[in-house]
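have a look at this prediction, sequence included:
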Amino acid sequence: MQAAFRGTDAAGPSAPCYYLAVDASVQGSHAAAVRSLGTGATRHAALVRVTHWVTTLAVLALLVTGAEIVVSHPRFYWGDEGNVNTPALFQLPIPSSREAVPTGYDYVLPDQNGWSRSLHFEAAWALVLAGLLYGVHGLVSGHFRRDLLPSPDSLRPAAFARSLASHLRFTRPGPEEAWSYNPVQRLAYLGVVFVLVPLMVWTGLAMSPAVVSALPGPLSVFGGHQSARTLHFAATILLTAFVVVHVVMVIRAGFGNRTRAMLTGAAVQEEDR
């Protein structure tokens, strides 16, 4: 028995379609699943690929530099004021790069706060610009509606529960997912694009004295400078978790094939299952 799947190119509804035939008797095994693709079919539009890799580099730079910034003062507060003389909302169990910060360790780490702050701001602007370009493209081309908005049927409790359980078990994706996102992926991507990244940018701006002096609104929304810093850190943790799960699932699905698709836009015709 065979199941056929059909999809469209991420670049638009007029792009060539593909057909996939999978023998149900070998699903879940390591047999070969062969894709029959239309000529010129692509998985990701060129702009999506470019902004993906710019975002990847920016996020990596932000995580590295952000970690160094946190090490300089691994204590978090709520409100507008926070320093070594005020109670912390919570404190990371790590040494600091500054002697004045009490951490319980009898040594300090090398202080790299200068270059890390400069690179952090530069990477943040790269992320903002790539995000704006991707957002405009996604809205104008219909990419969000067509490729990321889940269908009502996929959000039915039973169907969504199966997809979520598969993700929690890190089950290797089926061959049809080389050309389409499942409902959990769609919701995760929408959450990152429209909630998590905007929250990080907003809280980042709320920590900038220059921005706050010109536009005090972003700061007052979060209740103070230290509240914005704490929320910024929480959003970073969520984004890091997303990146880790994303990379694991890409590896499970076939790292070389998925990476090639994001580099060239083309999906491979055959993949070992």
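Arrived safely, thanks for sending.

residues contacting V84?
V84 sits next to R75, A100, V101, P102 when contact means CB atoms under 8 Å, 6 or more residues apart in numbering. (Each C-beta comes from the backbone N, C-alpha and C, glycine too.)

at 6 Å instead, please
V84 makes contacts with V101, as judged by CB atoms under 6 Å, 6 or more residues apart in numbering.

tell me the secondary structure at it.
coil (DSSP: H, G, I helix; E, B strand; the rest coil).

dihedrals phi and psi, it?
Per-residue torsions, V84: phi -70, psi -10 (degrees, to the nearest 10).

F90 now?
Per-residue torsions, F90: phi -160, psi 160 (degrees, to the nearest 10).

and the one 5 residues further on, by the same measure?
The main-chain torsion angles of P95 are listed as degrees, to the nearest 10 and equal phi -70, psi 160.

for R75, same thing?
For R75, the backbone dihedrals (degrees, to the nearest 10) come out as phi -120, psi 140.

quickly list what it is bridged to.
Residues in a beta bridge with R75, per DSSP bridges, are Q91.

neighbours of it, how many?
20 (other CB atoms under 10 Å).

please shift the residue numbers so they start at 52 in all later answers.
Okay, residue one is now 52; in that scheme the one you just asked about reads as R126.

measure it to T137 for me?
Shown here: R126 relative to T137, a distance of 9 Å by CB to CB, to the nearest Å.

also L178?
L178 sits at a distance of 31 Å from T137 (criterion: CB to CB).

which stretches in this structure count as strands?
With DSSP state E as the definition, the chain shows strands at residue ranges 53-58, 69-74, 83-88, 126-127, 141-142, 321-323.

by mean pLDDT, show me the worst of those.
Mean pLDDT values for the strands of the chain show the minimum at strand 69-74, a mean of 35.

neighbours of T315, how many?
The tally of other residues near T315 (other CB under 10 Å) stands at 13.

pull the longest helix from this protein.
The longest helix of the chain (DSSP state H) is helix 276-315.

tell me which residues in it are buried?
276-284, 286-287, 290, 293, 300-301, 304-305, 308-309, 312-313 (16 or more other CB atoms under 10 Å).

what of stretch 173-184?
Judged by neighbour count using 16+ other CB under 10 Å, the buried positions of stretch 173-184 are A174, A175, A177, L178, V179, A181, G182.

closest to D131 among the residues you listed?
Closest approach between the buried residues of stretch 173-184 and D131, by CB to CB: A175, at 22.1 Å.

quick one: contacts for that closest one?
A175 sits next to G255 when contact means CB under 6 Å, 6+ apart.

against R168, how distant is it?
Relative to R168, A175 is positioned 11 Å away (CB to CB).

A317 now?
Using CB to CB, we find A317 at a distance of 40 Å from R168.

go on, L289?
Here the criterion is CB to CB. By it, L289 lies 22 Å from R168.

give me the residues contacting stretch 149-163.
For stretch 149-163, the surrounding residues in contact (CB under 6 Å, 6+ apart) are E119, V122, S123, H124, V135, P146, S147, S148.

the last one against I120, yeah?
If I follow you right, that is S148. No - using CB atoms under 6 Å, S148 is not in contact with I120, being 9.6 Å away.

what number of residues lie near A265?
Counted with other CB under 10 Å, A265 comes out at 9.

again, but for the one 4 residues further on
Using other CB under 10 Å, P269 has 18 other residues around it.

quick one: contacts for it?
Contacts for P269 (CB under 6 Å, 6+ apart) come out as W253, L256, A257.

just these now: which is nearest A112?
Nearest to A112 among the contacts of P269, counting by CB to CB, is L256 at 17.9 Å.

chain neighbours aside, what residue packs nearest to the closest one?
In space, and not counting its chain neighbours, L256 is closest to V262: 4.7 Å by CB to CB, 6 or more residues apart in numbering.

just the pLDDT for that neighbour.
Note on V262: pLDDT of 83.

which of the contacts of stretch 149-163 are buried?
E119, V122, S123, H124, P146, S147, S148.
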